[in-house]
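**Q** Return atomic coordinates for the entry below.
(2 chains)
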Amino acid sequence: MLALLTDIPWAIVLILLPLTAGMVSFVFPRLAKGLSLGTVLITVLAVAGLGWQLHYIYGGTYQHAIGGWGAPLGIDLHADGLSLLMLTLTALVALGVSVYSSVYFTREQAIRFWPVWLFLLAALNALFLAADIFNLYVTLELLGLSAVTLTALLGGKAALDGAMRYLLATLLGSLSYLLGVALLYHSYGSVDIAILAARVEATPAVWAALGLMGAGLMLKTALFPLHFWLPRAHASASAPVSAVLSALAVKASFYILLRLWLAIFSPLAESAASLLGVLGAVAILWGSLQALRQTRLKLLIAYSTVAQIGYLFLAFPLAVATAMPAWNAAAYLALSHALAKSAMFMVAGNLLRFGSHDRIADLDRVVQRLPLTASAFALAGVSIMGLPPSGGFIGKWLLLETALGQGRWDLAAVMLIGGLLAAGYVFKVLGHAFTEASVTHVAGAVPRTMEWAAFLLALAAVLLGLLAAPVLSWFDLSEVAGMQGVSP
Amino acid sequence: MFALVGAGLFALGLYALIIHAHLLRKILAFNVMGSGVFMILVALAKRSGDVVDPVPHAMVITGIVVAVSATALALTLMLKLNAASGHARLNDDSQD
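**A** Sure thing, here's the model as predicted:
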C-alpha cells in the first residue's frame, strides 16, 4: 500500500487533476463544489507526496519527460526545493481559499467561479513544475487569463475596469517575455532551462532577452514602478479572488524571474541585481506610504502587497555575496506573505459582508462583534509587520542579518522603515475596529466558515515562525541549481 | 529583414497601446505586437542554408492560439464594460 503511494507520479497528478476537475465542474455545475474541495485536498496530499519523493527517492530534484520524449524536443517536468516551496504555498492557500469560497459565493457566481479557479490552480502547478522557458510562457498565459476572468467575476463596473487593466498589463508582460524567449531560442537553439544555462554567454541578444523578460515579469509581479495595475485589480475583485491574486498570482511571475535569474542570468548580470534591489527598496517605501494613505481597506491591503513584493527583490543584491541566507529569507517571506495576505483579504471580505462597506474609518466595533475576524487581521498583521514569532519575522530577520553582515546599511534602513510603516497601516485598521464608528450599522451575518478560514491562514503565517528550521531543511534550497551562487 | 519588420511592429503596437484610450484600439495594438513577435520567431527560424527549424513554427502556433483566446476574452470584457459604464475606455478618476 505504501509502495503504491510512493510510486504515484505526484507531479503529474498536480497538473492533470485540477485541469480535469475544472472541465468536469464546468460541464456539471452541480458537482462543482464537492469536486473542487476534493481536488484541493488531494492537491495538498500530492504536494506532500511529491515532497516525500524528492527527499527519499530522487534526492533533491525530480525530472519527468512527458511521453518519454526528453529535453531538447519534448516537454520536461522539473521539481526541486524551490518548486516544492511554491507548490506547498499554492496548496495551502488554495485550501483556505476553497473552504472560504464554498460559502462566500451565491449559487449563480459559484457556477462560474469553481471551473476557472481549478484552471488557475492547474496553471499554477504546471508553472511551478515547468522545465523550459516556453512552457513557462504558456502556463503564465493560462494563469493570466484565468486570473483576469476571476477578477471580472463580480461583473460590476469597478470589477470590469480592474479586470481590463489586469488583462492589458498581463498581456503586455507575456508578449515581452515571449520576445525574450524568441531571442534566447534563436541564440542557443533550445528553450530548456538547464541547456540554456550551460550554453549562455554575455552577448547583446542575451542582454536584450534579459531586459525584455525581466521587464515583462516585473510588470506581472507588480514591482515598482510597474505596479500601477495591481491595486485596482486586486481591490475590485471578490475577496477570495483577491486573496489568490495577491498571494499566488504575483508570486508565480516572481518565481519565473527567480528561476531564470538563478539558472541563466545571474553569472552574467550582477549589476542588474542592484537595480532590482533599488526598485525593491523604493517599492517598500512607496507601497507602504500609499497603504497608509488609503481610506478603503481593500486598497490598503493591495498597496501593502506592492510593499511586500519589494522585500522579495531585496534578496537579489544581497544574494550576490552571500547566496543562501538571502534566498532562504526570500523563500520565507514569500511563504508567510502568501498566508498572511490571503488571510487579510478574507478578513476584508468578512468585513464587507458584515458592514457592506470597507471604509476603514467606519468600521464599527468589529472586535466585539467579530472577534475571530479581528484576531485574524491582527495575526496576519503581526506577520506582515515582521514581529516575532511570525513567519514574516523570520524572513525579515534573515534578510536584515544578511544586509548588516554585508554592511548594506541602506537596505537595512529601508527594511526597518518598511516595518514601521506596516505597523502604522495595520494599527490604523485595528484602531478603528475597536471603536464605535460615527455611522453605526446593523451587523450583516458572516458565516463561521469564512471567519475560521481567514483565522487559520493567519495563524499558519504566525506558526511558521516557530518552525523555521524544519521548514527550511524540508525545502532545502541549497540543492536548487544556481542557488549557491557563483561568487567565492 | 523580416525580423526587423517584426521588431518594428512590436514597437508600433506598444506605442499604440500606450497612447490610445479606446479599448478596441488597445486590443488591436496587442494583436499588432503579437504579430510582430510571431514574425520575429518565424524569421529567425531560418538559420543557415535551406534548413528551416520547425520548433519556432510550433511555438508560433501555440502563441496564436493564446492570442486568439486572449483577444476573445479582452473583447468580451470590453463589451461588458461598455454595457456597464456606457463607454469603452478605462476610468481615470481614482475615486472608484
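**Q** What strand or helix carries A:Thr373?
**A** Element membership of A:Thr373 [criterion: DSSP states H and E] is helix A:371-385.
**Q** and that helix, how far from the chain's centre?
**A** 19 Å (Cα atoms, centre = their mean, to the nearest Å).
**Q** Can you tell me the element the residue nearest to A:Val99 when sequence neighbours are not counted falls in?
**A** Counting by Cβ to Cβ, 6 or more residues apart in numbering or on different chains, A:Val99 lies nearest to A:Ala453, which is 4.7 Å off, once chain neighbours are set aside. (Each C-beta comes from the backbone N, C-alpha and C, glycine too.) Assigned by DSSP H and E, A:Ala453 falls within helix A:448-463.
**Q** One more: A:His78?
**A** Secondary structure assigned from DSSP H and E places A:His78 in strand A:76-79.
**Q** cool, A:Gly60 as well?
**A** Short version, using DSSP H and E: A:Gly60 is in no helix or strand.
**Q** so who does it touch?
**A** Contacts of A:Gly60 were listed using Cβ atoms under 8 Å, 6 or more residues apart in numbering or on different chains, and they are A:Leu54, A:Asp80, A:Gly81, A:Asp476, A:Glu479.
**Q** Next one: it from A:Ala3, what distance?
**A** Separation of A:Gly60 from A:Ala3 (Cβ to Cβ, to the nearest Å): 21 Å.
**Q** Tell me the pLDDT of A:Leu168.
**A** Looking at A:Leu168, its pLDDT stands at 92.
**Q** Please read the previous query as pertaining to A:Gly482.
**A** Looking at A:Gly482, the pLDDT reads 67.
**Q** Quick one: mean pLDDT for the helix ranked longest in chain B?
**A** Scanning chain B for the helix with the most residues, using DSSP state H, yields helix B:55-85. If you average the pLDDT over helix B:55-85, you get 91.
**Q** Any residue of that helix touching chain A?
**A** Yes: residues of helix B:55-85 are located near chain A by Cβ under 8 Å from any Cβ of the partner chain, namely B:55-56, B:59, B:62-63, B:66, B:69-70, B:73-74, B:77-78, B:80-81, B:84-85.
**Q** Pull out the buried members of those residues.
**A** B:55-56, B:59, B:62-63, B:66, B:70, B:73-74, B:77-78, B:80-81, B:85 (16 or more other Cβ atoms under 10 Å in any protein chain shown).
**Q** Make a markdown table out of those and add distance to A:Met415.
**A** Formatted as a markdown table, those follow (distance: Cβ to Cβ, whole Å):
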| residue | distance to A:Met415 |
| --- | --- |
| B:Val55 | 44 |
| B:Pro56 | 44 |
| B:Met59 | 41 |
| B:Thr62 | 41 |
| B:Gly63 | 40 |
| B:Val66 | 39 |
| B:Ala70 | 38 |
| B:Leu73 | 39 |
| B:Ala74 | 39 |
| B:Leu77 | 39 |
| B:Met78 | 42 |
| B:Lys80 | 42 |
| B:Leu81 | 40 |
| B:Ser85 | 41 |
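**Q** if we can go back for a sec, would you mind marking which of the contacts of A:Gly60 are also close to chain B?
**A** With the criterion set as Cβ under 8 Å from any Cβ, no member of those is near chain B.
**Q** Drop anything exposed from those.
**A** Neighbour counting over these (16+ other Cβ under 10 Å) leaves A:Leu54, A:Asp80, A:Gly81, A:Asp476 as the buried ones.
**Q** sorry, back to before: and which of the residues of helix B:55-85 next to chain A is nearest to B:Leu44?
**A** Distance to B:Leu44 across those (Cβ to Cβ) is lowest for B:Pro56, with 6.7 Å.
**Q** Would you agree that closest one is in contact with B:Lys46?
**A** No: the criterion here is Cβ atoms under 8 Å, and B:Pro56 misses it with B:Lys46 at 9.4 Å.
**Q** tell me which residues in stretch A:445-465 are buried?
**A** Those would be A:446, A:450-465, for stretch A:445-465 by 16+ other Cβ under 10 Å.
**Q** where's that stretch relative to the chain centroid, distance-wise?
**A** 18 Å.
**Q** pLDDT on it, on average?
**A** The pLDDT scores in stretch A:445-465 average 90.
**Q** for stretch A:243-256, same thing?
**A** On average, stretch A:243-256 scores 92.
**Q** How about stretch A:45-54?
**A** Stretch A:45-54 comes out at a mean pLDDT of 89.
**Q** Get me the contact residues on chain A for chain B.
**A** A:73, A:134, A:138, A:141, A:145, A:148-149, A:152, A:155-158, A:160-161, A:163-165, A:167-168, A:171-172, A:174-175, A:178-179, A:181-182, A:185-186, A:189.
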